[in-house]
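Engineer: A structural model of the following input is requested.
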Amino acid sequence: MVPTMVSFFRRKKPDAAAAPTADAPTQPSVGHSPSGRYSVEELAAAFPDAASSPPTAEAALPVAPDAGNVPPSEIDVAPAPATFDATVPAAAGKQGWRDRLRGSGFARSFGGLFSRHPKLDDDLLDEVETALLTADVGVTATSQLVEGLRKRMKAREFADANALLAALRADLVAMLQPVSQPLRIDPQARPFVILTVGVNGVGKTTTIGKLAKRFKDEGRTLMLAAGDTFRAAAVAQLQVWGERNDVPVIAQGQNADAASVAFDGLQAAKARGIEVLIADTAGRLHTQQGLMAELGKIRRVLGKLDANAPHEVLMVIDGTTGQNALSQLRQFHAAVGVTGLVVTKLDGTAKGGVVFALAREFGIPIRYAGIGERPEDLRVFDAQAFVDALLPESLGA
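Structural biologist: Okay, here's the model as predicted:
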């Protein structure tokens, strides 16, 4: 019987005697398979967008020694030309930003708002404030936006509601513009190491697979390190993505030390002259201090082979999380120094406004936005395109 998606992601509570520690967490096997392994047919059913050909794993290199208490290295990434322009219209038959985000909570909150309240008055601003809060923009960011509009309205800067709408669009773009920074691969860093982190269930491993396809399409050589040794199907899932994109995957057994896997991956990537190494990590709640400390260990171990590694700490955030995403990012940033964000699941029921709250509070670059299930739906984040998709350009638009 093919296991359901739930069985892939459900964890059993560890026994008291096997409680994880910060440096070497041990986890019980999960899932319905006694061995914790699944056939290719089962994986294809559970992960329909991944390849169905048999996955292969690279041989594990020697386990990394304990890195001790080496302080994290400062990341200094030299800019390189961007290889993707988010403003280019979607290809024929492909949906653009507006089509993908049309059903989001943010777009629905503002759909028809200015048509229902075409009069320029305090009632219209109250409706704007409610729509922003409903879309998860957050109290602080919403207050900042609305009070700025109110002052300008009192100063008679707006001729009509259309002018206020244009000002709101400009303010939202201005809030996102500083964090709209594409990920640039430093050609001097070989390999350029990307460490991916995030809480459980945000789509981290799937995001890595989509990034792998993007980098392969750009003509880059890359390697994946399957550092999520906690979830039973995580390694197999990453191997399927690797097989699909013809990318080697460094892996060890389940419950292996994640820092050891990352060390193996970096060592192998250096030996082969690989351009980009993407290291996966197990999803963890930001409140689990022991597991959060493990991220610091992974970073220290990578620093043993490359003082600047990881060059990018990419945190994946679920766009449906809402304001809880702020506390998640705050804890992960304190633990491992997040340098870039991927916000997933922004299409459909996602409210999307949390992007503005994240930008205002942290100012950490948003590298990519996930607006669909297909690999090409992981888009380079573009502030103008994002706001254009969420708000009408004028009344009745």
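
Engineer: Tell me how far L346 lies from G253.
Structural biologist: Distance, L346 to G253, using CB to CB, to the nearest Å: 35 Å. Bear in mind the C-beta positions are built from the backbone N, C-alpha and C, glycine included.

Engineer: Between these two, tell me which one has more neighbours.
Structural biologist: Neighbours per residue, other CB atoms under 10 Å: of L346 and G253, the larger number sits with L346, 29 against 10.

Engineer: which stretches of the stretch 51-200 of the chain have low pLDDT?
Structural biologist: 51-99, 102-105, 111, 115 (pLDDT under 70).

Engineer: could you pull out the strands for it?
Structural biologist: Under the criterion DSSP state E, counting those that start in this stretch, the stretch 51-200 of the chain contains strands at 192-197.

Engineer: can you give me the helices in it?
Structural biologist: For the stretch 51-200 of the chain, the helices defined by DSSP state H, counting those that start in this stretch cover 97-101, 105-110, 113-116, 122-134, 139-154, 161-176.

Engineer: To G370, which of these lies closest?
Structural biologist: Nearest to G370, of all these, is helix 97-101, at 9.7 Å by CB to CB.

Engineer: sorry, back to before: TSV please, covering the helices of the stretch 51-200 of the chain and showing mean neighbour count and distance to R190.
Structural biologist: Output for the helices of the stretch 51-200 of the chain, formatted as TSV (neighbours: other CB atoms under 10 Å; distance: least, CB to CB, whole Å):
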stretch	mean neighbour count	distance to R190
helix 97-101	19	33
helix 105-110	22	40
helix 113-116	16	50
helix 122-134	17	44
helix 139-154	16	39
helix 161-176	18	32
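
Engineer: just so I know, which of those lies nearest A389?
Structural biologist: It is, among the helices of the stretch 51-200 of the chain and with distance given as CB to CB, helix 97-101, at 4.1 Å.

Engineer: Quick check, pLDDT for A45.
Structural biologist: Confidence at A45, expressed as pLDDT, is 51.

Engineer: Surely L133 and S143 touch.
Structural biologist: No - L133 lies out of contact with S143 (CB atoms under 8 Å); the separation is 9.6 Å.

Engineer: follow-up on the earlier one: between the helices of the stretch 51-200 of the chain, which gets nearest to G203?
Structural biologist: Across those, closest to G203 is helix 97-101 (CB to CB), at 15.4 Å.

Engineer: Where does the prediction get shaky in the stretch 201-350 of the chain?
Structural biologist: 286-288, 348-350.

Engineer: Quick one: the strands in it, in order.
Structural biologist: Under DSSP E, counting those that start in this stretch, the stretch 201-350 of the chain gives strands at 222-225, 249-250, 276-279, 312-318, 340-344.

Engineer: what does the fourth one contact?
Structural biologist: Counting by CB atoms under 8 Å, 6 or more residues apart in numbering, strand 312-318 makes contact with 75, 77, 183, 192-199, 201-204, 207, 299, 325, 328-329, 332-333, 336-345, 354, 358, 367, all of which sit outside it.

Engineer: Of those residues, which count as buried by neighbour count?
Structural biologist: 75, 77, 183, 192-199, 202-204, 207, 299, 325, 328-329, 332-333, 336-345, 354, 358, 367 (16 or more other CB atoms under 10 Å).

Engineer: contacting residues for A282?
Structural biologist: A282 neighbours (CB under 8 Å, 6+ apart): G227, D228, T229, F230, R231, A234, A258, L291.

Engineer: do the same with L145
Structural biologist: Taking CB under 8 Å, 6+ apart, one finds L132, V137, L168, D171, L172, M175 in contact with L145.

Engineer: Tell me how many other residues crowd K351.
Structural biologist: Around K351 there are 22 residues (other CB under 10 Å).

Engineer: V354 reaches L133, doesn't it?
Structural biologist: No - at 11.9 Å, V354 does not count as touching L133 under the criterion of CB under 8 Å.

Engineer: The residue lying closest to I371 once chain neighbours are set aside and L346, how far apart?
Structural biologist: What sits nearest to I371 in space, not counting adjacent residues and going by CB to CB, 6 or more residues apart in numbering, is R100, at 4.0 Å. Applying CB to CB, the value for R100 to L346 is 8 Å.

Engineer: which residues are in contact with both of those two?
Structural biologist: I371.

Engineer: L211: neighbour count?
Structural biologist: The burial count for L211: 25, using other CB under 10 Å.

Engineer: Stretch 243-260 spans what distance, first to last residue?
Structural biologist: Start to finish, the residues bounding stretch 243-260 are 22 Å apart (CA to CA, to the nearest Å).

Engineer: List the buried residues in stretch 305-323.
Structural biologist: 305-306, 308-322.

Engineer: just how off-centre is that stretch within its chain?
Structural biologist: 7 Å (CA atoms, centre = their mean, to the nearest Å).

Engineer: again with stretch 241-251
Structural biologist: The answer for stretch 241-251 is 20 Å, by CA atoms, centre = their mean.

Engineer: Show me what counts as buried in that stretch.
Structural biologist: W241, G242, E243, R244, N245, V247, P248, V249, I250, A251.

Engineer: what about the helices in the stretch 251-397 of the chain?
Structural biologist: Under DSSP H, counting those that start in this stretch, the stretch 251-397 of the chain gives helices at 258-272, 289-305, 324-336, 354-362, 383-390.

Engineer: which residues does T142 contact?
Structural biologist: Contacts for T142 (CB under 8 Å, 6+ apart) come out as E129, L132, L133.

Engineer: and what of P365?
Structural biologist: Contacts of P365 by CB under 8 Å, 6+ apart are V179, S180, Q181, L183, T339, G340, L341.

Engineer: want to try CSV for those residues, with distance to L222 as columns?
Structural biologist: As requested, the contacts of P365 are exported to CSV (distance: CB to CB, whole Å):
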residue, distance to L222
V179, 25
S180, 24
Q181, 21
L183, 13
T339, 18
G340, 17
L341, 20
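
Engineer: that older thread, which of the contacts of A282 sits closest to V387?
Structural biologist: D228 (34.2 Å).

Engineer: ok, now how distant is the nearest residue to D246 once chain neighbours are set aside from G138?
Structural biologist: Leaving aside its chain neighbours, D246 sits nearest to K216 (7.1 Å; criterion: CB to CB, 6+ apart). Distance of K216 to G138, given as CB to CB: 37 Å.
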